[in-house]
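**Q** here is my input; please provide its structure:
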Amino acid sequence: MTGCKNVTFTKSGIIVREDSCLGFLAFSTHTGLIFACQAADGKALLKWLERKGSTPTLEYEKALGPVWAISLSGADYPSKHLLPTDQSGWSILRSDYPIVINWLLTGNCALKCQYCYAEDLMRGRCTEPNTQEVDNIIETILSYHPLAVVLTGGDPLLSPHLERVFAALHKRTGIIIDTSAFTFSSDHLKLFKRYNVFVRISLDSEIPKIHDKLRPPLNTVKAGTNQSSNIAATNALCKCVDAGIGVGVQTVATKFNRSDLEAFGDKLYRIGIRSWRILIVAPSETNILSFGMLSGTKSGQERYEKYIEKHLRLKHDNGWNKGMAVQITHNRAPNSVVLVAPDGTFLTEATVKPQKIILDDKFPKVPRIEHFFDKIDPYTHAERYLS
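**A** You can find the predicted model right below:
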């Protein structure tokens, strides 16, 4: 693997990495979005991001400038995150090193989501890391120069190592946290602001009855509350928006909520959500039985996937792009993700059947970079984060 330079944290809050295939990759701590930028614009782009020059083109300003260079209302996000948007100058989308690494920081979680893809690594099935192991995992992850690290789980808010991880990753890579926000507190808000964390809150519906059915509390006594998971997520979302913290929403589309997605998107747009990621419900090793109930019939699922693609893309292009990016993630290529288990093992999703597989059998906790993409599809990996 060659042609990939270290990650750079610029004065604008945009994190960049040079890549031999994709030119410059840029992650915004303000919007949580990743863009590929033409190599020919590299010098001018870096100068602008360091606040020492003008934008290479208006496209860059509207996609990478929101919050620090222009107002959020001046944004205009292309459906495919390639700058300039004229794709004729682009080579095949792939990256030398992983663009994003998803670290399941803990297996602990206050909810029991019906479609959980990580249940096989949670609730004691995988060893929780101690402080030294956390430090080792951090350095291993950073050795692969990811543009951003997604802290997930379980729910990372329940990890005793959360601030330590934030401090170690800060300005060395982008930080995204995926959370249900069920145990969210004002202390978390302070941490997010201090370490430039982009917060992605799981919210499946504006209707509490639907959301709470899909994401019920595991144990209200253990959680210390009998509150609705919908209300907890909504409250945390509003607090992040009010505090000026970069925040987005992550929604899993099932047969119970997909008909309401347009109306839900309108509400998210109005309250100032900067990015909305929609994941089509996918099977996992432990949710095979519930998957059919959540996805519906195969023909029905395919029909709704086309509906989501057509209508939500249309809504985006006709209005939401002025302030809210929409990313629709399918499960057609499950081996597009890099996963790190709580014990430090590097994994991806298998393509033959729903299960996680080790990236490098000889070195499961420190996979050799030359074998990194043996089991991960580098093309769908890039497509996942640039669409």
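**Q** domain assignment for this structure?
**A** Domain assignment of the chain by automatic domain parsing yields the ranges 8-89, 100-386.
**Q** how about JSON lines for those domains, with mean pLDDT and mean neighbour count added?
**A** C-beta here means a position set from N, CA and C on the backbone, and glycine is covered the same way. Listed next are those as JSON lines, based on pLDDT from 0 to 100; neighbours: other Cβ atoms under 10 Å:
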{"stretch": "domain 8-89", "mean pLDDT": "91", "mean neighbour count": "19"}
{"stretch": "domain 100-386", "mean pLDDT": "89", "mean neighbour count": "18"}
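**Q** now Lys353: which helix or strand?
**A** Assessed by DSSP states H and E, Lys353 sits outside every helix and strand.
**Q** got the contact list for stretch 353-363?
**A** 120-121, 282-285, 288, 334, 338-339, 345-350, 364, 366-368, 371-372, 374-376 (Cβ atoms under 8 Å, 6 or more residues apart in numbering).
**Q** may I have it as PDB, with CA atoms only?
**A** Provided in PDB are the C-alpha atoms of stretch 353-363 (Å, rounded to 0.1, in the frame of the first residue of the first chain):
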ATOM      1  CA  LYS A 353     -24.100 -15.700   5.600                       C
ATOM      2  CA  PRO A 354     -24.800 -13.200   8.300                       C
ATOM      3  CA  GLN A 355     -21.700 -13.400  10.600                       C
ATOM      4  CA  LYS A 356     -18.600 -11.500  11.400                       C
ATOM      5  CA  ILE A 357     -15.200 -12.800  10.200                       C
ATOM      6  CA  ILE A 358     -11.700 -11.900  11.200                       C
ATOM      7  CA  LEU A 359      -9.700  -9.700   8.800                       C
ATOM      8  CA  ASP A 360      -6.400 -11.400   9.300                       C
ATOM      9  CA  ASP A 361      -6.400 -14.800  10.900                       C
ATOM     10  CA  LYS A 362      -2.700 -14.800  11.700                       C
ATOM     11  CA  PHE A 363      -2.800 -11.300  13.300                       C
END
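**Q** and the helices in this structure, which stretches?
**A** Taking DSSP state H as the test, the helices found in the chain are 42-49, 58-64, 131-142, 162-169, 186-194, 208-214, 220-223, 229-242, 261-271, 288-295, 298-307, 313-315, 378-386.
**Q** and the angle for the third one with helix 162-169?
**A** Meaning helix 131-142. Inter-element angle recorded for helix 131-142 and helix 162-169: 40 degrees (by axes from the mean of the first three to the mean of the last three Cα atoms, to 10 degrees).
**Q** picking up where we left off before, inside strands: which ones of the contacts of stretch 353-363?
**A** 339, 346-349 (DSSP state E).
**Q** can I get these in JSON lines with distance to Phe166?
**A** As requested, the ones in strands among the contacts of stretch 353-363 are arranged in JSON lines below (distance: Cβ to Cβ, whole Å):
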{"residue": "Leu339", "distance to Phe166": "20"}
{"residue": "Phe346", "distance to Phe166": "21"}
{"residue": "Leu347", "distance to Phe166": "23"}
{"residue": "Thr348", "distance to Phe166": "25"}
{"residue": "Glu349", "distance to Phe166": "27"}
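**Q** those: which two are farthest apart?
**A** Phe346 and Glu349 (12.5 Å; Cβ to Cβ).
**Q** now do the shared contacts for those two.
**A** With Cβ under 8 Å, 6+ apart as the test, Phe346 and Glu349 both reach Leu339.
**Q** quick check: end-to-end length of stretch 33-46?
**A** Stretch 33-46 has its terminal residues 17 Å apart, counting by Cα to Cα, to the nearest Å.
**Q** hmm, who's touching that stretch?
**A** 8, 10, 16, 18-19, 22-28, 53-54, 56-57, 60, 63-64, 77, 81-84, 89-90, 93, 99-100, 147-148, 274-275, 325, 382, 385-386.
**Q** distance from the chain centre to that stretch, please.
**A** Chain-centre distance of stretch 33-46: 21 Å, with Cα atoms, centre = their mean, to the nearest Å.
**Q** same thing with stretch 173-184?
**A** From the chain centre to the centre of stretch 173-184 is a distance of 10 Å (Cα atoms, centre = their mean).
**Q** for the stretch 51-200 of the chain, just list every one of the strands.
**A** Secondary structure of the stretch 51-200 of the chain, counting by DSSP state E, counting those that start in this stretch: strands at 82-83, 100-106, 148-153, 174-179, 198-202.
**Q** mind exporting the last one as CSV, just the C-alpha atoms?
**A** As requested, the backbone C-alpha atoms of strand 198-202 are provided in CSV (Å, rounded to 0.1, in the frame of the first residue of the first chain):
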residue,chain,number,x,y,z
PHE,A,198,-19.6,14.6,15.8
VAL,A,199,-22.6,13.0,17.4
ARG,A,200,-24.9,10.6,15.5
ILE,A,201,-28.0,9.8,17.4
SER,A,202,-30.1,6.7,16.6
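**Q** that one pairs with which strands, parallel or anti?
**A** strand 174-179 (parallel), strand 247-253 (parallel) (DSSP bridges).
**Q** can you tell me which of those comes nearest to His211?
**A** Among these, strand 247-253 sits nearest to His211 (Cβ to Cβ), with 9.5 Å.
**Q** mind listing residues that contact the closest one?
**A** 31-32, 113, 115, 178, 198-205, 214, 237, 240-241, 257, 261, 264, 268, 273-281, 304, 308.
**Q** helix 261-271 and that one, what's the angle between them?
**A** Using the same axes, to 10 degrees, strand 247-253 lies at 170 degrees relative to helix 261-271.
**Q** show me how far strand 247-253 is from its chain's centre.
**A** Strand 247-253 sits 9 Å away from the centroid of its parent chain (Cα atoms, centre = their mean).
**Q** and that strand with helix 229-242, angle?
**A** Interaxial angle, strand 247-253 versus helix 229-242 (the same axes, to 10 degrees): 150 degrees.
**Q** okay, stretch 267-284 in PDB with CA atoms only?
**A** Only the C-alpha atoms of stretch 267-284 are listed here, as PDB (Å, rounded to 0.1, in the frame of the first residue of the first chain):
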ATOM      1  CA  LYS A 267     -38.900  17.400  10.700                       C
ATOM      2  CA  LEU A 268     -35.200  16.700  11.000                       C
ATOM      3  CA  TYR A 269     -34.500  19.400   8.400                       C
ATOM      4  CA  ARG A 270     -36.600  22.000  10.200                       C
ATOM      5  CA  ILE A 271     -34.900  21.500  13.600                       C
ATOM      6  CA  GLY A 272     -31.400  21.900  12.000                       C
ATOM      7  CA  ILE A 273     -30.100  18.400  11.600                       C
ATOM      8  CA  ARG A 274     -27.000  18.500   9.400                       C
ATOM      9  CA  SER A 275     -26.800  14.900   8.200                       C
ATOM     10  CA  TRP A 276     -29.300  12.000   8.100                       C
ATOM     11  CA  ARG A 277     -28.000   8.500   7.500                       C
ATOM     12  CA  ILE A 278     -30.600   5.800   6.600                       C
ATOM     13  CA  LEU A 279     -29.600   2.200   6.900                       C
ATOM     14  CA  ILE A 280     -31.700  -0.500   5.200                       C
ATOM     15  CA  VAL A 281     -32.400  -3.100   7.900                       C
ATOM     16  CA  ALA A 282     -29.900  -6.000   7.500                       C
ATOM     17  CA  PRO A 283     -29.700  -9.500   9.000                       C
ATOM     18  CA  SER A 284     -27.100 -10.500  11.600                       C
END
